[in-house]
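K.L.:
The following comprises the amino acid sequence and a computationally predicted model.
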Amino acid sequence: MSLEGNKLKEPNEGTDVVPTSEKTLKDEKVEVPKLEGESLLIDAFQGMVIAMPHIFVPVISGGKGKGKEGEGEGDNEPKLAIAFDEAHPLSKLSGKGFRPSHILGRVINSYSRNNDAPVWVVFASTTSHVADFSAPQVIHDSQRVAVAGELLYPPYTDLGWDQLATPLTKMLANDVAKFHHIVGFGRPLWKSHVQEKVVDGVMELAAQKLCKSKSFDPKVPDQALAVLSQRFGLDICFGHPDAVSYVETAVASHLRVCFSRTEDRIWSHTGYPSEPFLSCVAAMLLHETHNSLLQALLVLKEKVDGGMVETGQSGELTSRLLLLLAKDLFIRENPSEDAIQDLRYNKSEDAELLDCRKVSVIEFLAYLFGTTFWSRAGKEAETVFQHAYINFSHWVPMTEFISPTLIPNTLQPRSQVLDAMVKSGLCDIGIAQARCNADPSAAARRQNDSYIF
């Protein structure tokens, strides 16, 4: 029997199939149909296993894996993976008083209890309501919890980010702005769309997903706030009556991510992860026309005046806007012709993204504070910074203390700026400064230093 071409072959056509009356189910040989996208799914699954060895522990060749003592082979590689896309309707209450997710959860639980092989079930959705797959808010009677005490399924963000990023040990300081490096940070979605080392349509796809529109309209509040939030880390005031609806729409339609949810499902922690590629796309949208930036900032002003967007305890939003927009305008004064500055770019992935390119500290500060800045700072200061560069494309708020020694190597390769609370004390601004050696050799470039500026 063949499903190819929807045509059944007769026995005399040279197949091994015998008439149904003369065969058993065991003897039947059926050609398995080739499912559309099957190879992509297998490749994605294998890539996930390889990218996260700390979760999927492989079997040690020769017998036993890394399972608990006495369990024999104990690898964590899934033997069964079940995925539900747009799964949130399963949590809706039916007319008979039950949710389909309850039945599904009990089936998964029952199967897991009676099988040692790891089972992974992924509930995916473009809405934050997928978090409702936690135990019911009032009656925690869900049989989905195999181990008592867990009322929430872990979100996919626990798997981390940057699975397809280039290892930092293999990246030269002067190459950090290249497309093939930047596109690997954040969600694997972006790099998975790069085919044959050519940038073709990936940035347009990212722009459409960010705006949920084929074109950016800065006068539409949801679009303007999505583009600005991705780069400037806008803080939403949850006491505002429009906050909940805005966050739900942003998660459902504008690439905002639900990182976690409280067990009572009342509060959600959402935001935009550090994705320099998406930040460059957002920057291109903001500067697409002469009025795009102005119109987006007018929307932001309205939301700030209305109290939905917070400016920070010390007006941090002002410094975020000032620094990033100053760099945007500075690099667009005399842009390099070979830099990627258009969403429709379709050439080599070895080109640099304009908004991730490093800029001279001397030239940038003179642009930001005026031409007399260095004359007032002194000749010695200018000499110290003559080979210093900075590189940033987006802002990442920080909510906990971090070590100053860890910041430079984290910020500079992904061109991010942060509100940093450093162990030595509060710091309003942290920028990765790359001091580039004048020697162009590869060995010298690997010796470049990074500092906090």
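P.N.:
Great, that's in hand.
K.L.:
Identify the residue spatially nearest to Ser360, adjacent ones excluded.
P.N.:
Sequence neighbours aside, Tyr389 is the residue nearest to Ser360 in space, at 5.9 Å (criterion: CB to CB, 6 or more residues apart in numbering). The way it works is simple: take the backbone N, C-alpha and C, and place the C-beta from them, glycine included.
K.L.:
Give the pairing partners of the helix or strand containing the one you found; include direction for each.
P.N.:
Here Tyr389 sits within strand 388-390, counting by DSSP states H and E. Paired neighbours of strand 388-390 in the sheet (DSSP bridges): strand 359-360 (antiparallel), strand 430-435 (antiparallel).
K.L.:
Out of those, which gets the lowest mean score?
P.N.:
Mean pLDDT is lowest for strand 430-435 among these, at a mean of 50.
K.L.:
where's Cys280 relative to Ala250, distance?
P.N.:
20 Å (CB to CB, to the nearest Å).
K.L.:
Looking at these two, which one has more neighbours?
P.N.:
Higher neighbour count among Cys280 and Ala250: Cys280, with 27 against 23, using other CB atoms under 10 Å.
K.L.:
Quick check: the more buried one touching Phe392?
P.N.:
No: if you go by CB atoms under 8 Å, Cys280 and Phe392 don't touch, sitting 11.5 Å apart.
K.L.:
Measure how buried Lys96 is and give me the count.
P.N.:
5.
K.L.:
and it, that's in a helix?
P.N.:
No: counting by DSSP: H, G, I helix; E, B strand; the rest coil, Lys96 falls outside a helix, being coil.
K.L.:
Offset the numbering so it begins at 344, please.
P.N.:
OK, 344 is where the count begins now, so the last one is Lys439.
K.L.:
and Asp560, how many residues sit next to it?
P.N.:
There are 14 residues near Asp560, going by other CB under 10 Å.
K.L.:
Give me the three-state assignment for the residue nearest to it when sequence neighbours are not counted.
P.N.:
Once flanking residues are discounted, Asp560 sits nearest to Gln566: 5.7 Å by CB to CB, 6+ apart. Per three-state DSSP, the local secondary structure of Gln566 is helix.
K.L.:
close enough to count as contact, Gln566 and Phe559?
P.N.:
Yes: at 6.1 Å, Gln566 and Phe559 qualify as touching, with contact defined as CB under 8 Å.
K.L.:
Name the residue in those two with the higher neighbour count.
P.N.:
Phe559 (25 against 22).
K.L.:
Check whether the more buried one sits in a helix, strand or coil.
P.N.:
Strictly by three-state DSSP, Phe559 counts as coil.
K.L.:
Please list all residues in contact with it.
P.N.:
Neighbour list for Phe559: 550, 566, 570, 628, 631, 635 [criterion: CB atoms under 8 Å, 6 or more residues apart in numbering].
K.L.:
Just the buried ones among the residues you listed, please.
P.N.:
550, 566, 570, 628, 631, 635 (16 or more other CB atoms under 10 Å).
K.L.:
ok, the residue nearest to Asp565 when sequence neighbours are not counted - how many residues close by?
P.N.:
Leaving aside its sequence neighbours, Asp565 sits nearest to Thr592 (CB to CB, 6+ apart; 5.8 Å). Neighbour count for Thr592, taken as other CB under 10 Å: 18.
K.L.:
All the strands of the stretch 644-793 of the chain, residue numbers only.
P.N.:
Secondary structure of the stretch 644-793 of the chain (DSSP state E, counting those that start in this stretch): strands at 652-653, 702-703, 731-733, 737-745, 759-765, 768-769, 773-778, 792-795.
K.L.:
Check the ones you listed for me: which has the lowest mean pLDDT.
P.N.:
Among those, strand 768-769 scores lowest, with a mean of 39.
K.L.:
got the buried residues for stretch 435-451?
P.N.:
Those buried within stretch 435-451 under the rule 16+ other CB under 10 Å are 442, 444-445, 447-448, 451.
K.L.:
Counting only helices, which of the residues you listed make the cut?
P.N.:
Of the buried residues of stretch 435-451, the ones assigned to helices by DSSP state H are 444-445, 447-448, 451.
K.L.:
Max pairwise distance over those: which two?
P.N.:
His445 and Ile451 (11.0 Å; CB to CB).
K.L.:
if we can go back for a sec, which of the contacts of Phe559 lies closest to Phe522?
P.N.:
Of these, the one sitting nearest to Phe522 (CB to CB) turns out to be Ala550, at 15.1 Å.
K.L.:
give me every residue that touches the closest one.
P.N.:
559, 624, 627-628, 686.
K.L.:
Looking at the residues you listed, which is nearest Val702?
P.N.:
Met627 (17.2 Å).
K.L.:
Number of residues surrounding that closest one?
P.N.:
25.
K.L.:
Tell me where this structure is predicted with low confidence.
P.N.:
The model of the chain has pLDDT under 70 over residues 344-380, 395, 397-421, 460, 470-498, 606-609, 741-796.
K.L.:
contacting residues around the longest helix seen in the chain?
P.N.:
Longest helix in the chain by number of residues, with DSSP H as the criterion: helix 659-674. If you take CB under 8 Å, 6+ apart as the criterion, helix 659-674 is touched by 574-578, 626, 629-630, 636, 640, 647, 652-654, 697-698, 700, 702, 706-707, 710-711, 735-738, 760, 762, 771-772, 774.
K.L.:
Narrow these to just the buried residues.
P.N.:
Those of the contacts of helix 659-674 that meet the buried threshold are 574-578, 626, 629-630, 636, 640, 652-653, 697-698, 700, 702, 707, 710, 735-738, 760, 762, 774, by 16+ other CB under 10 Å.
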